[in-house]
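Participant: My questions are about this predicted structure, shown below with the sequence.
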2 protein chains.
Amino acid sequence: MRHFLAELEELQQRLLEMGGLVESSIWNSVLALSERSEAHALQVLTREARINQMEIEIDDFAVSLLALQQPMARDLRFLTAAIKINSDLERMGDLAVNIVQRALSLMRQPLVKPLIDIPQLARLAESMVHKSLDAFVRRDAELAREVLLSDDAVDDLRDAIYEELVNFMERDPSTVSRSLDLIFIARNLERIADHSTNIAEDVVFLVQGVDVRHHAETQH
Amino acid sequence: MRHFLAELEELQQRLLEMGGLVESSIWNSVLALSERSEAHALQVLTREARINQMEIEIDDFAVSLLALQQPMARDLRFLTAAIKINSDLERMGDLAVNIVQRALSLMRQPLVKPLIDIPQLARLAESMVHKSLDAFVRRDAELAREVLLSDDAVDDLRDAIYEELVNFMERDPSTVSRSLDLIFIARNLERIADHSTNIAEDVVFLVQGVDVRHHAETQH
């Protein structure tokens, strides 16, 4: 059997590989929307199976290390963080697929409005995902707390997008169906951002042993 | 130290207590909507903190058993199932809070339409939650598979609700904001149902050692 530390290192590597795949899925889902690109949409859809498979493998690996090695406090925190981060990443992958499904429907119709706020929300969510994974690798609680602080900006953008689209629908009911697609895309981006704050909370706990879950309930 | 089996039994008891709280939150959130009842809404909101606290305690308890006891195959499956079910239950509690927030806003406005489909979806989701927890207690893979089969009915109801409300908004734009609240309530109920299928999948794995995750990706 390999040394336990080598196993932990491999687990982190696999998790980062998974994170890379998920980040690129999120990125591609937004390009599918903004560029009206079927090619990017297809990439997200074909990658989903791989992400799901990786989640199962990483989960099994982490649980076996947890159960068979009787890890001490810090390693134990790392393993439980890994299990949770893995699950958050997989859900982000699902959310990217949801975005793509809406983007594919929108591609065939005229734009409701120029896309400005949604790509902005997408960039914010992407940077939160990236920072939270960075914070995990570097065990950087400061960076993790930065991610937690971005949550308010996400909520503000979501509210602005929501209100603007409700106005569109009320003024021109022919935009209802397309506006709804955009509202759901914004909602999926918001949920991606929420998952990145989950990861950031896990990092704070991992580094400092401080539990910041449920520090401030956010609306989903 | 107590016997390991007694610890596992206690873990199951706590999970069932949590399940009971969450079931009643779901139930109350739907009553808040259908009866326009602020009292029921308040119950859900005040219970949230208790559910969040229980999630943390159960999670810590399960992880400590996992890490300190080196459980064998079947107990290991039980512990990992418990950790996942705990997380699914907590998320259901959050979704009940989301429903209540929409219900509180709808209470102050006239009805868009008589509520028929949404209470039907709510009953279906509630019965899935209840069955999945029952299947867990009884280690009943048959019952768990029944929950998995309900997923199509949930999707059909969700689609019907969505289409009907889109029609309402298109015909009468003054209903946009209220219709959106109802669409999101239906979406939250659908996500509650999804979490109950997660639990059902965990039960199948627990009883039969068969992994049915990602058996058929559902749209969120």
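Facilitator: Structure received. Residues are numbered from 1 along each chain as shown, chains lettered A, B, ... in the order given.

Participant: hey, let's count contacts and neighbours off CA atoms from now on
Facilitator: Fine.

Participant: My read is that A:F136 contacts A:V203, right?
Facilitator: Yes. A:F136 is within contact range of A:V203, at 5.6 Å (criterion: Cα atoms under 8 Å).

Participant: Tell me the residues that contact both of those two, please.
Facilitator: Here A:F136 and A:V203 have A:A144 as joint contacts, going by Cα atoms under 8 Å, 6 or more residues apart in numbering or on different chains.

Participant: quick one, which of the two is more surrounded?
Facilitator: For A:F136 versus A:V203, the count of surrounding residues by other Cα atoms under 10 Å in any protein chain shown is larger for A:V203: 34 against 26.

Participant: Report the secondary structure state of that one.
Facilitator: helix (DSSP: H, G, I helix; E, B strand; the rest coil).

Participant: List the residues that contact it.
Facilitator: A:V203 neighbours (Cα under 8 Å, 6+ apart): A:A81, A:S132, A:A135, A:F136, A:R139, A:D140, A:A141, A:A144.

Participant: What about those residues, which one has the most neighbours?
Facilitator: The residue in the contacts of A:V203 with the most neighbours, by other Cα under 10 Å, is A:S132 (31 neighbours).

Participant: so for stretch A:182-191, what's the average pLDDT?
Facilitator: For stretch A:182-191, the mean pLDDT works out to 95.

Participant: How about residues contacting that stretch?
Facilitator: Residues contacting stretch A:182-191 (Cα under 8 Å, 6+ apart): A:92, A:95-96, A:98-99, A:102, A:118, A:121-122, A:125, A:154-155, A:158, A:161-162, A:165, A:220.

Participant: Please check these and keep the buried ones.
Facilitator: Neighbour counting with 16 or more other Cα atoms under 10 Å in any protein chain shown marks A:92, A:95-96, A:98-99, A:102, A:118, A:121-122, A:125, A:154-155, A:158, A:161-162, A:165 as buried within the contacts of stretch A:182-191.

Participant: Show me which of the residues you listed is closest to chain B.
Facilitator: For the buried ones among the contacts of stretch A:182-191, the closest approach to chain B (Cα to the nearest Cα) belongs to A:N98, at 6.8 Å.

Participant: picking up where we left off before, show only the entries of the buried ones among the contacts of stretch A:182-191 found in helices.
Facilitator: Among the buried ones among the contacts of stretch A:182-191, the members falling in helices (DSSP state H) are A:92, A:95-96, A:98-99, A:102, A:118, A:121-122, A:125, A:154-155, A:158, A:161-162, A:165.

Participant: for chain B, what are the nearby residues on chain A?
Facilitator: When proximity is defined as Cα under 8 Å from any Cα of the partner chain, chain A approaches chain B at A:52, A:63, A:66-71, A:76, A:80, A:95, A:98, A:166, A:169-174, A:176-177, A:214, A:219-220.

Participant: Selection in ChimeraX covering whichever of those residues are buried, please.
Facilitator: In ChimeraX syntax, the buried subset of the residues of chain A next to chain B is picked out as below (16+ other Cα under 10 Å):
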select /A:52,63,66,67,68,70,71,76,80,95,98,166,169,170,173,174,176,177
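
Participant: Could you tell me which of the residues of chain A next to chain B are located in helices?
Facilitator: A:52, A:63, A:66-69, A:76, A:80, A:95, A:98, A:166, A:169-171, A:176-177.

Participant: List the residue ranges of chain A that fall below the pLDDT cut-off.
Facilitator: Along chain A, segments meeting pLDDT under 70 span A:1-2, A:210, A:213-220.

Participant: let's see it at 50
Facilitator: Counting by pLDDT under 50, chain A contains low-confidence ranges at A:216-220.

Participant: any idea how far A:T175 is from B:V63?
Facilitator: 49 Å (Cα to Cα, to the nearest Å).

Participant: next one: A:G93
Facilitator: In terms of Cα to Cα, A:G93 sits 26 Å off from B:V63.

Participant: ok, now A:L180?
Facilitator: Distance, A:L180 to B:V63, using Cα to Cα: 41 Å.

Participant: now whichever strand or helix holds A:D181: how far from the chain's centre is it?
Facilitator: Secondary structure from DSSP states H and E places A:D181 in helix A:176-208. Here helix A:176-208 is found 6 Å from its chain centre; the criterion is Cα atoms, centre = their mean, to the nearest Å.

Participant: nearest spatial neighbour of A:R74, skipping sequence neighbours?
Facilitator: Spatial nearest neighbour of A:R74, chain neighbours left out: A:L206 (7.4 Å); criterion: Cα to Cα, 6 or more residues apart in numbering or on different chains.

Participant: Counting neighbours, what do you get for the one you found?
Facilitator: 25.

Participant: what's it in contact with, if anything?
Facilitator: Contacts for A:L206 were tallied using Cα under 8 Å, 6+ apart; they are A:R74, A:R77, A:F78, A:A81, A:R139.

Participant: just A:E38 next, same as before
Facilitator: So A:E38 contacts A:A32, A:L104 (Cα under 8 Å, 6+ apart).

Participant: if we go to 10 Å?
Facilitator: A:E38 makes contact with A:S29, A:L31, A:A32, A:V44, A:V100, A:A103, A:L104, A:M107, according to Cα atoms under 10 Å, 6 or more residues apart in numbering or on different chains.

Participant: which one of the residues you listed has the most neighbours?
Facilitator: Counting neighbours by other Cα under 10 Å, A:S29 comes out on top of the contacts of A:E38 with 33 neighbours.

Participant: any idea how far chain B is from the closest residue to that one other than its chain neighbours?
Facilitator: Once flanking residues are discounted, A:S29 sits nearest to A:V100: 5.2 Å by Cα to Cα, 6+ apart. Using Cα to the nearest Cα, to the nearest Å, A:V100 is found at 11 Å from chain B.

Participant: A:V100: what's it in contact with?
Facilitator: A:25-26, A:28-33, A:37-38, A:40-45, A:94, A:106, A:185 are the contacts of A:V100 under Cα under 10 Å, 6+ apart.
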